[in-house]
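Student: Got a predicted structure plus its sequence, pasted below:
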Amino acid sequence: MANNEKTVAPVPPDGMEILFFYQCPSCGKHVAVPSPTEPRMLVCDGCRTTFPIIPVDETSLHYIRIIMAGGRAAADQDFL
């Protein structure tokens, strides 16, 4: 390592996103959607079919984020 390079300590997670997967009714491919809290239309990446989705409960998402401390609680304790 060169003298002018600094050693950088590993950085823990400080946020998180929750993905939900919806199966395309036409081709069966799973489409990933980050925290869909409102009804909307999705476009399948595989067959380009548009289909409506049922949103997830925002209270449940809030609960998971609290339990995981916004992602910080998921850090591997062996690295802290």
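Tutor: Perfect, thanks for sending it.
Student: How about residue 71, nearest residue that isn't a chain neighbour?
Tutor: Leaving aside its sequence neighbours, residue 71 sits nearest to residue 16 (C-beta to C-beta, 6 or more residues apart in numbering; 3.2 Å). For every residue, glycine as well, the C-beta is placed using N, CA and C.
Student: separation between residue 45 and residue 5?
Tutor: Relative to residue 5, residue 45 is positioned 40 Å away (C-beta to C-beta, to the nearest Å).
Student: More neighbours: which of the two?
Tutor: residue 45 (12 against 7; other C-beta atoms under 10 Å).
Student: which residue ranges form the helices in the protein?
Tutor: Assigned by DSSP state H, the chain shows helices spanning 58-67.
Student: can you list the weak-confidence ranges in it?
Tutor: Scanning the chain for pLDDT under 70 picks out 1-3, 80.
Student: can you rerun that using 90?
Tutor: For the chain, applying pLDDT under 90 flags the ranges 1-6, 8-12, 14, 76-80.
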